[in-house]
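Participant: just coords:
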C-alpha cells in the first residue's frame, strides 16, 4: 500500500456536499494505463525520445501539447497527432472501469466528464469500460487551453448550470489537480499521485467506498476509505 505522506487522511466516513461532480477520465474513471503506454511507445519509437520521459510529462495534458513538446524540430505535429489519435482509437485492450465508478455515475444527479482526450476517444473508452456517459462531456476539442489551465472545468460547470466552487473534481494527474484548484472546485485525488499540488487534499483509491445522498439540488458524498481499500 503506497504511503501518502502529504495526503490528508480521511476520517471514516468523510462527507462532501456539492451540486455537481466533474470527473477526469484516464486514471480517474477508467484504468487505461496499458493503452496509454502503447500509444506513447509508438511516438517514442518515431521521435527517439525516451518513453519514460514522455510518460512523465504527458499525464493529464492534451496529446497535441505532448507531441509539440517532444517532436523533432520541423516535424509535422498535426500529422503525428492525427496518426497517434487514429491508432489509439482502436486500442482498448485492458481498458476497464475503476471499482465503484459505474454505480457512482448512475447515482449522481449532475456530472461531467472533463478529459484531455479528444471526444471520439473519450466516448470509445467510456463505452469499452462499460461506463455511462455523463450529462456533460468536455474534451480536448472544446477548449483553447488544456489542463493545467482551468478552462475545461469552468466550461463543464457552466454547462451544468453551477459554479465551479459548488463542484467536486476527481483527478489523478497533476495537471488536472491544478486545473480543478484554479477553477475553484473542491478537488479529490484518485490514486497514488503525490506532488506539491496534492498536499492537504482528500484522496481515494477508487469509488467502492463512496455513496451518494441527494437532497434537493445538492447532494452529499460519503467517502469510506476503509471500505474502498478492502
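Facilitator: Great, that's in hand. Note that the structure is a prediction, hence the values are computed from the model and not measured. Numbers count the residues shown, from 1 in each chain.

Participant: how far away is the most centrally placed residue in the chain from residue 83?
Facilitator: The structure's the chain has its C-alpha centroid closest to residue 24; by Cα atoms, centre = their mean the separation is 2.3 Å. Distance, residue 24 to residue 83, using Cβ to Cβ, to the nearest Å: 25 Å. Bear in mind the C-beta positions are built from the backbone N, C-alpha and C, glycine included.

Participant: so residue 14 sits right up against residue 223, yeah?
Facilitator: Yes: between residue 14 and residue 223 there is a contact under Cβ atoms under 8 Å: 4.8 Å.

Participant: the two: who's more crowded?
Facilitator: residue 223 (21 against 18; other Cβ atoms under 10 Å).

Participant: quick check: neighbours shared by residue 14 and residue 223?
Facilitator: Common contacts of residue 14 and residue 223 (Cβ atoms under 8 Å, 6 or more residues apart in numbering): residue 202.

Participant: for stretch 174-181, the distance to its chain's centre please.
Facilitator: In terms of Cα atoms, centre = their mean, to the nearest Å, the centre of stretch 174-181 is set 10 Å apart from its chain centre.

Participant: now what about that stretch, what contacts it?
Facilitator: 22, 24, 28, 59-61, 116, 146-153, 169, 171, 187, 189, 193, 195, 197-198, 201.

Participant: tell me the buried residues within those residues.
Facilitator: Buried members of the contacts of stretch 174-181, counted by 16 or more other Cβ atoms under 10 Å: 22, 24, 28, 59-61, 116, 146-153, 169, 171, 187, 189, 193, 197-198, 201.

Participant: roughly how far apart are residue 67 and residue 82?
Facilitator: Applying Cβ to Cβ to residue 67 and residue 82 gives a distance of 10 Å.

Participant: for residue 11, give me the pLDDT.
Facilitator: With respect to pLDDT, residue 11 has a value of 43.

Participant: can you pull out the helices in the protein?
Facilitator: Using DSSP state H, the helices of the chain run over residues 33-47, 51-58, 63-70, 77-89, 101-107, 119-128, 151-160, 174-183, 225-228.

Participant: between these, which one is nearest to residue 18?
Facilitator: Closest to residue 18 of the helices of the chain is helix 151-160 (Cβ to Cβ; 10.6 Å).
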